[in-house]
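**Student:** whatever this is, show me its structure:
(one chain, ligands or ions: 1)
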Amino acid sequence: MVAESENGCDFCQPEKYTPEDVFGRLVGEHSITAANLAKYDVWSSLVIFNNHNPLKFTLKELSDYIDTSFAWFEAVNNHSPQFEFPFFVWNCLPRAGASQIHGHCQILMSKEPYARVKTLMETYQKYKKEYGADYFQDIYLVHHSMGLSAQHGDINFFASITPIKEKEVIIISPRNPSDDIMAKDTIFRVLRCFIDTLGVFSFNLSISIPPYYKKGGFPYIIRIVDRGSLLKSTADMGGMELYGSSVVADDPYKTVDALKSVF
Ligand SMILES: [Zn+2]
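**Tutor:** Residues are numbered from 1 along each chain as shown. Got it, this is the predicted structure:
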């Protein structure tokens with residue numbers, strides 16, 4: 001059941017109303033893990049935020065959601081070392097695919113990378129072999145030359161010129177965001193800018209993570225995309241996006257201008 005308020009919300013009392021993983025729960029300062037009732041893979045769990053409202057979060061709270069997720073990746077890998085590909089997804093509100101209003105992220109560990117992550121990893125390796133260069137760094141430089149990028153310390157990010165859907169922003173972190181306050185702060189500022197400045201309430205955020213056995217061979221790629229107005233009853237994607245090509249109305253220059261104002 002989708003509870004719009006805290007009354008009757010299962011995720012407001014996760015220890016009572018959600019199952020736990022075989023190794024129990026990981027408890028963060030502002031979040032707790034739960035096994036997923038609707039698992040879509042062997043290791044498919046949730047980080048449930050203490051706060052019901054998914055749009056209300058501080059840097060400290062967001063950092064805890066990330067830390068709890070990465071602690072769970074570690075716990076799964078310790079329990080079942082053959083599962084070594086972590087994946088993080090935050091579907092914010094039902095328009096973005098969430099089945100519950102209450103703030104939560106999906107955390108997954110697989111034996112093989114998921115298809116789109118695999119394509120990215122293979123492209124990265126192939127590009128390195130053929131051109132001796134870093135694929136993501138070059139994509140960043142292309143966006144930089146078009147004035148679509150910005151930096152926070154050594155964390156690069158840009159509003160994509162070929163977005164999957166509206167306002168897609170890509171953050172490249174050379175280090176594990178869980179160990180890096182600059183990476184966390186970049187994700188935080190981008191998300192707060194989406195919500196507070198650009199009026200985005202429904203979004204998907206994913207983190208593609210290098211495999212456990214060769215950490216460091218692939219950067220951490222964080223992608224954030226707007227999933228449209230809560231006031232619209234129509235879906236933001238149709239046959240064109242699924243079978244043709246992405247249809248995008250937003251200007252990436254407006255997105256990057258808004259982002260630059262918060263850094
Ligand atoms: Zn709740």
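**Student:** going forward, measure contacts between C-alpha atoms and count neighbours the same way
**Tutor:** OK.
**Student:** the residue in the stretch 51-200 of the chain that the ion sits nearest to: how many residues sit nearby?
**Tutor:** Closest residue of the stretch 51-200 of the chain to the ion, C-alpha to the ion: H52 (4.0 Å). Residues lying near H52 (other C-alpha atoms under 10 Å) number 19.
**Student:** I'd say it and D10 touch.
**Tutor:** No - between H52 and D10 there is no contact under C-alpha atoms under 8 Å: 10.2 Å.
**Student:** output the below-cut-off pLDDT ranges for the stretch 51-200 of the chain.
**Tutor:** Counting by pLDDT under 70, not a single residue of the stretch 51-200 of the chain qualifies.
**Student:** grab the nearest non-local neighbour of the residue of the stretch 51-200 of the chain closest to the ion.
**Tutor:** Sequence neighbours aside, H102 is the residue nearest to H52 in space, at 4.6 Å (criterion: C-alpha to C-alpha, 6 or more residues apart in numbering).
**Student:** before we move on, what SS does that neighbour have?
**Tutor:** Following DSSP: H, G, I helix; E, B strand; the rest coil, H102 is assigned to coil.
**Student:** and the chain, which of its residues are near the ion?
**Tutor:** 6, 9, 11-12, 52, 102 (C-alpha under 5 Å from the ion).
**Student:** between these, which sits nearest K39?
**Tutor:** Of all those, K39 sits closest to F11, with 16.2 Å by C-alpha to C-alpha.
**Student:** model confidence for the closest one, exactly?
**Tutor:** On pLDDT, F11 comes in at 96.
**Student:** can you check the one 4 residues further on too?
**Tutor:** Among the per-residue scores, E15 shows a pLDDT of 96.
**Student:** now it: which helix or strand?
**Tutor:** Taking DSSP states H and E as the definition, E15 sits inside helix 14-17.
**Student:** which outside residues touch that helix?
**Tutor:** 10-11, 32, 34, 48 (C-alpha atoms under 8 Å, 6 or more residues apart in numbering).
**Student:** which of those residues has the largest number of neighbours?
**Tutor:** Among the contacts of helix 14-17, I48 has the most neighbours (other C-alpha under 10 Å), with 27 neighbours.
**Student:** residue boundaries of the helices in this structure?
**Tutor:** For the chain, applying DSSP state H gives helices covering 14-17, 59-79, 115-131, 135-145, 181-192, 239-243, 252-260.
**Student:** so what touches the last one?
**Tutor:** Yep, that's helix 252-260 we're talking about. 147-150, 158-161, 167, 189-190, 193, 197-198.
**Student:** how about 6 Å then?
**Tutor:** 148, 159 (C-alpha atoms under 6 Å, 6 or more residues apart in numbering).
**Student:** quick check: mean pLDDT of that helix?
**Tutor:** pLDDT averaged over helix 252-260 gives 98.
**Student:** what's around Y212, how many residues?
**Tutor:** Quick note: Y212 (other C-alpha under 10 Å) scores 16 neighbours.
**Student:** rewinding a little: buried residues in the helix holding E15?
**Tutor:** P14 (16 or more other C-alpha atoms under 10 Å).
**Student:** centre of the chain to that helix, how far?
**Tutor:** 25 Å (C-alpha atoms, centre = their mean, to the nearest Å).
**Student:** if we can go back for a sec, for V200, see how far away the residue of the stretch 51-200 of the chain closest to the ion is.
**Tutor:** Using C-alpha to C-alpha, to the nearest Å, H52 is found at 18 Å from V200.
**Student:** do F218 as well
**Tutor:** Using C-alpha to C-alpha, F218 is found at 30 Å from V200.
**Student:** equivalent analysis for S233, please.
**Tutor:** From S233 to V200 the distance is 16 Å (C-alpha to C-alpha).
**Student:** neighbour-wise, which of these two wins?
**Tutor:** V200 (20 against 8).
**Student:** contacts only, for that one.
**Tutor:** F194.
**Student:** one more pass at 10 Å, please.
**Tutor:** Contacts for V200 were tallied using C-alpha atoms under 10 Å, 6 or more residues apart in numbering; they are 55, 167, 191-194, 225-230.
**Student:** flag every buried residue along stretch 248-257.
**Tutor:** Going by neighbour count (16+ other C-alpha under 10 Å), the buried part of stretch 248-257 is 248, 252-253, 255-256.
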